[in-house]
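[1] Pasting the sequence and the predicted coordinates here, then a few questions.
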Amino acid sequence: MSGIVITITSGKGGVGKTTTTANLGVALARRGKRVACIDADIGLRNLDVVLGLENRIVYDIVDVVEGRARLRQALIRDKRLPELQMLPAAQTRDKTAVNPQQMIKLAADLRADVDFVLIDSPAGIEHGFRNALAPADRVIIVTTPEVSAVRDADRIIGMVEAAEKPKPQLILNRLRPGMVKRQEMMSTEDVLEILAIELIGIVPEDENIITSTNRGNPVAFDEKQQAGAAYGRIAQRLLGEDVPFMVFQDNSTFLARVQNWFRNPNGGGGA
Amino acid sequence: MNWFDSLFRRKPPSAQVAKSRLKLAIQIDRSNLSPELLDMLQEDIVRAISQRLDIDRDGMKITTERGEGGQRLIADIPIKNVRAKAASSE
């Protein structure tokens, strides 16, 4: 059986593409799927630190493409989760070091060995994005409920369609239920009405994402946390399960923080 | 804003403002006429009008504007000399 290639992209930078890629990789691998995450952001490598694998890099994507290393040599296997592997981006080259044909070839080679290939796309609409999009069977767009991120997401959706890829699916990231309730943040429904694509997940703003990333320990390892559970549900949807969308609790009030602390004294407040 | 809001100087919720601004911005993004298309339109207009009027090509401006009634194309074309061309065409 051949693996599925999923490209995670957004247009705008800083909305959580890399965090999403890392956590979906972990969540899928925890469900026994063989996963390879590719960092396609050449020159601005980051997936390695988010996954906590930065100390084990020997070869990178450009070494593979240019024949200095075999794919299997360059892939780093996660010791915590042997089903999960990562192919790092090159740090000293730029995005033109790889072209879309090479990405298609690379993905084809990986497909043979894994169930999922997750490609972490760079921000923007240029060369790096084209590279990340070229081999995609499916595309996931990450956005936050902010005007700039949603507007860029709309542009990207247009480009994904122009590239004749299947209609992308949406992850709404960093939703703050308390703000939505006060009508000071666009709701999931608002964003979906504007973008008119299928929702595959909602990830609430959660301080645990920052603290877990600080440690190189993606939050998806701990599905007792709100955000970790959210990634778990997205993984299940990717596996074809019909999982209902959660209604998130508002963690921003004082009472919620106190309740949260009793539930999870070590995990931080969670906003 | 309704009378109640304006009485208490209350602004509409920011989420609602975000949504309506976004809708407009995206509508423009999706339908934007490219600079190449505008250049081509300008050439067509120059060709058509120059048959009857002597116009100032360098002073000419083609823009688009979006308002309540949708998008419109605005051509601002300075006329150099009406009589010269009108006479020569007879």
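    It's in.

[2] When you work out contacts or count neighbours from here on, use the C-alpha atoms and nothing else.
    Noted.

[3] And the strands in the stretch 51-200 of chain A?
    For the stretch 51-200 of chain A, the strands defined by DSSP state E, counting those that start in this stretch cover A:76-77, A:84-87, A:116-120, A:138-143, A:169-175, A:198-204.

[4] Direction included, what does the first one pair up with?
    Applying DSSP bridges to the sheet, strand A:76-77 is found paired with strand A:84-87 (antiparallel).

[5] which other residues reach the strand it pairs with?
    A:25-26, A:29, A:34-39, A:48, A:60-61, A:74-78 (Cα atoms under 8 Å, 6 or more residues apart in numbering or on different chains).

[6] ok, now with 6 Å
    A:29, A:35-38, A:75-78 (Cα atoms under 6 Å, 6 or more residues apart in numbering or on different chains).

[7] and of these, the nearest to chain B?
    Nearest to chain B among the contacts of strand A:84-87 is A:Ile38, at 31.0 Å by Cα to the nearest Cα.

[8] Run through the neighbouring helices and strands of the helix or strand harbouring the closest one.
    Assigned by DSSP states H and E, A:Ile38 belongs to strand A:35-39. If you count contacts as 3 or more Cα pairs under 6 Å, 6 or more residues apart in numbering or on different chains; DSSP states H and E, strand A:35-39 packs onto strand A:84-87, strand A:116-120.

[9] Can you show me the helices along the stretch 101-250 of chain A?
    With DSSP state H, counting those that start in this stretch as the criterion, the stretch 101-250 of chain A has helices at A:127-133, A:147-162, A:177-181, A:188-195, A:207-214, A:226-238.

[10] Dump those helices to a markdown table, plus mean neighbour count and mean pLDDT.
    Formatted as a markdown table, these follow (neighbours: other Cα atoms under 10 Å in any protein chain shown; pLDDT from 0 to 100):
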| stretch | mean neighbour count | mean pLDDT |
| --- | --- | --- |
| helix A:127-133 | 23 | 96 |
| helix A:147-162 | 19 | 95 |
| helix A:177-181 | 17 | 95 |
| helix A:188-195 | 16 | 96 |
| helix A:207-214 | 17 | 95 |
| helix A:226-238 | 22 | 97 |
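
[11] Looking at these, spot the one closest to A:Gln249.
    For A:Gln249, the closest of those is helix A:177-181, at 6.7 Å, according to Cα to Cα.

[12] Give me the contacts around the closest one.
    Residues contacting helix A:177-181 (Cα under 6 Å, 6+ apart): A:185, A:187, A:250.

[13] any idea how chain B splits into domains?
    Here chain B is described, according to automatic domain parsing, as comprising the domains B:1-32, B:33-90.

[14] hmm, back to that, Serialize the helices and strands packed on strand A:35-39 to TSV and add fields for mean neighbour count.
    Formatted as TSV, the helices and strands packed on strand A:35-39 follow (neighbours: other Cα atoms under 10 Å in any protein chain shown):
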stretch	mean neighbour count
strand A:84-87	26
strand A:116-120	28
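
[15] related to what we said a few turns ago, wait, which of the strands of the stretch 51-200 of chain A is closest to A:Ala256?
    Comparison of the strands of the stretch 51-200 of chain A against A:Ala256 by Cα to Cα identifies strand A:198-204 as nearest, at 14.7 Å.

[16] coming back round to it: buried ones among the contacts of strand A:84-87?
    Among the contacts of strand A:84-87, the ones that count as buried by 16 or more other Cα atoms under 10 Å in any protein chain shown are A:29, A:35-38, A:75-78.

[17] From the residues you listed, pick the one nearest A:Ala256.
    Distances from A:Ala256 to the buried ones among the contacts of strand A:84-87, taken by Cα to Cα, are shortest for A:Ala29, at 31.9 Å.

[18] just to confirm, which helix or strand has that closest one in it?
    Going by DSSP H and E, A:Ala29 is in helix A:17-30.

[19] by how many degrees do that helix and strand A:35-39 diverge?
    Helix A:17-30 and strand A:35-39 are oriented at 170 degrees to each other (axes from the mean of the first three to the mean of the last three Cα atoms, to 10 degrees).

[20] Helix A:17-30 - contacts with which helices or strands?
    If you count contacts as 3+ Cα pairs under 6 Å, 6+ apart, helix A:17-30 packs onto helix A:226-238.

[21] for the following helix or strand past the helix it packs on, the distance to its chain's centre please.
    Heading C-terminal from helix A:226-238, the first helix or strand you meet, by DSSP H and E, is helix A:254-263. Distance, stretch centre to chain centre, for helix A:254-263: 29 Å (Cα atoms, centre = their mean, to the nearest Å).
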